[in-house]
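> for reference, the sequence and a predicted model appear below.
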Amino acid sequence: KAGVTQTPRYLIKTRGQQVTLSCSPISGHRSVSWYQQTPGQGLQFLFEYFSETQRNKGNFPGRFSGRQFSNSRSEMNVSTLELGDSALYLCASSAQGPNTGELFFGEGSRLTVL
Amino acid sequence: AQSVTQPDIHITVSEGASLELRCNYSYGATPYLFWYVQSPGQGLQLLLKYFSGDTLVQGIKGFEAEFKRSQSSFNLRKPSVHWSDAAEYFCAVGGSVRGYQKVTFGTGTKLQVIP
């Protein structure tokens, strides 16, 4: 069974641009969560989607948005990039929901904002 | 609100020595507790989880953790560390927040293993 796939793995953007990150969950998993990982803040929860519906959202500004498609693939978008958005963005999928079972993580998309 | 504290940012142990990584949580009810490991350049992998029952939980790679409700702790242990255990370890708590499921991670403990 293929794991969680995130694309792109690395990207460099400049301030003010926008970026879209993609996540393909494990086949059959309907829950997809997104996390931002930085050295100082650890893993910060962005949002969680289940069957195309956002079920939970973290404390991030509206510049951060996401969606989930009918095949459970998910995208997150960050508009008007700031230097502080530089981070590793991790996607995790699970069969039922994030706290009822194991989260399966992708390798992440490392975003650098210059 | 649920939260997790990992008081040790960085720990160094000798290969073959025992290991204990500390984790304290805050949650109003019985929590779901997890330990994850992240190797450099990789995502996180689940080591073990506690939902209910026996408070001593066995995981992969020879790790175990003990849930102590009275101390709000879920410390991770391994009797003999291998060089390949060098990684960052995250404790996490899961629960319902306003009816929604949420997992909150600690800030992580980076483990260095010296020969």
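Everything's here; your move.
> spit out the contact partners of the closest residue to A:Ser51 other than its chain neighbours.
Nearest residue to A:Ser51, sequence neighbours excluded (C-beta to C-beta, 6 or more residues apart in numbering or on different chains): A:Arg30, at 5.3 Å. From N, CA and C alone the C-beta is placed, and that goes for glycine too. Going by C-beta atoms under 8 Å, 6 or more residues apart in numbering or on different chains, A:Arg30 touches A:50-51, A:72, A:95-96.
> may I see the residues you listed arranged in a markdown table, with secondary structure and pLDDT as well?
Below are the contacts of A:Arg30 laid out as a markdown table (DSSP: H, G, I helix; E, B strand; the rest coil; pLDDT from 0 to 100):
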| residue | secondary structure | pLDDT |
| --- | --- | --- |
| A:Phe50 | strand | 89 |
| A:Ser51 | coil | 89 |
| A:Ser72 | coil | 94 |
| A:Ala95 | coil | 81 |
| A:Gln96 | coil | 71 |
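> contact partners for A:Ser24?
Per C-beta under 8 Å, 6+ apart, neighbours of A:Ser24: A:4-6, A:73.
> just A:Phe69 next, same as before
A:52, A:75.
> can you list phi and psi of it for me?
Main-chain dihedrals, A:Phe69, degrees, to the nearest 10: phi -100, psi 170.
> excluding its backbone neighbours, what's nearest A:Tyr89?
A:Ser109 (4.8 Å).
> and stretch B:17-36, anywhere near chain A?
Yes: judged by C-beta under 8 Å from any C-beta of the partner chain, stretch B:17-36 and chain A are in contact via B:32, B:34, B:36.
> on that earlier part again, scan the contacts of A:Ser24 and report the most crowded one.
Per-residue neighbour counts (other C-beta atoms under 10 Å in any protein chain shown) across the contacts of A:Ser24 peak at A:Gln6, which has 23 neighbours.
> next, find the distance separating the residue lying closest to A:Pro25 once chain neighbours are set aside from A:Phe45.
Closest residue to A:Pro25 apart from its sequence neighbours, by C-beta to C-beta, 6+ apart: A:Ser93 at 3.2 Å. Distance of A:Ser93 to A:Phe45, given as C-beta to C-beta, to the nearest Å: 15 Å.
> which one's more surrounded, those two?
A:Ser93 (26 against 19).
> so B:Gln42, which of the three states?
Look at B:Gln42: counting by DSSP: H, G, I helix; E, B strand; the rest coil, its state is coil.
> quick check, pLDDT for the closest residue to it other than its chain neighbours.
In space, and not counting its chain neighbours, B:Gln42 is closest to A:Glu107: 5.8 Å by C-beta to C-beta, 6+ apart. Note on A:Glu107: pLDDT of 94.
> quick check: A:Glu107 touching B:Pro40?
No: in this structure, A:Glu107 is not within contact of B:Pro40 by C-beta atoms under 8 Å, at 11.0 Å.
> and those two? Which one has more around it.
More neighbours surround A:Glu107 than the other of A:Glu107 and B:Pro40, with 17 against 7 (other C-beta under 10 Å).
> show me what counts as buried in stretch A:82-93.
A:85-93 (16 or more other C-beta atoms under 10 Å in any protein chain shown).
> and stretch B:11-25, by the same measure?
B:13, B:19, B:21-25.
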